[in-house]
Each structure stands twice: as structure tokens, then as C-alpha cells.
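sequence first, predicted coordinates after that:
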Amino acid sequence: MKIGYVMLDIGSKAVELAEANPPVRPCEVVEFLWEVPLASELDWVVSDHACCRLELNLPKHYFGNIWMAKSGFGGTEYLLPSRVSAGAGRGMGYNHKARVTS
């Protein structure tokens with residue numbers, strides 16, 4: 001499971017910078033995706049790290065036009081923080097967080 005799909009939903013303030021394949025989904029789908037790691041039905045939550053500087057991803061004159069952004073977004077820097085914040089809020093214990101992050 002890629003980290004971006006359990007950290008972002010279409011209501012996020014960063015959604016304009018989150019052009020990815022498959023696309024970012026609604027909040028209900030994000031919550032459904034959390035059920036898999038919480039049930040210990042997968043081994044890893046990973047990053048599909050494909051990012052570049054903001055200026056290269058979305059130049060100022062394209063702001064507001066998601067189709068001009070490069071596909072992909074960073075994720076490595078969110079692996080552990082997402083487990084600690086979002087995982088904890090959903091009842092994921094520390095050992096479980098460590099296991100799916102490493």
C-alpha cells in the first residue's frame with residue numbers, strides 16, 4: 001500500500017499537488033484502505049517516491065490546473081509520521097507501526 005493513498009483524500013488542501021496514478025480518492029475510500037493494515041492483512045506500507053521541487057511540479061502560472069502537474073508525489077518523509085499520527089488515531093500500536101513501516 002502506498003502512503004499517499006492513506007494520508008490524502010480529495011478534500012485535502014494539497015490535492016492540487018497530488019496528481020497520481022491511481023488518483024487520490026474520497027475520505028470514505030481512505031478509511032476503507034486503513035482497514036487492511038489495521039487488520040494485519042498486509043506486510044508493508046511504502047512510498048512510491050516520485051517527486052520534484054514544487055516549482056517544477058506546478059509552476060505559478062499553472063496553479064489551479066492539476067493536469068499541468070507531473071504525475072507522482074513524494075512520500076518517504078511521510079512514512080513514519082503517518083503511522084504515528086494517523087495510525088495512532090485509528091488504534092495502531094507502536095509495534096504494529098514499526099512492522100509495517102520497516
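All right, it came through fine. Residues are numbered from 1 along each chain as shown.

roughly how far does A20 sit from Y78?
13 Å (C-beta to C-beta, to the nearest Å). Just so you know, the C-beta spots here come from the backbone N, C-alpha and C atoms, and that holds for glycine as well.

my bad, should have said V46
11 Å.

looking at those two, which is more packed in?
Between V46 and Y78, counted using other C-beta atoms under 10 Å, Y78 has the larger neighbour count: 20 against 14.

now that one: closest residue in space that isn't a chain neighbour?
Of all residues not flanking Y78 in the chain, I3 sits nearest, at 5.3 Å (C-beta to C-beta, 6 or more residues apart in numbering).

on that earlier part again, what's the overlap in contacts for V46 and Y78?
I3 (C-beta atoms under 8 Å, 6 or more residues apart in numbering).

so where's this protein uncertain?
1-2, 17, 19, 47-75 (pLDDT under 70).

biggest helix in it, by residue count?
helix 27-38 (DSSP state H).

which residues sit against that helix?
1, 5-11, 25, 42, 45, 86-87, 90-92, 96, 100.

go with 6 Å
For helix 27-38, the surrounding residues in contact (C-beta atoms under 6 Å, 6 or more residues apart in numbering) are 5-6, 9, 42, 45, 90, 100.

part of a helix, is E16?
Yes - E16 forms part of a helix when assessed by DSSP: H, G, I helix; E, B strand; the rest coil.
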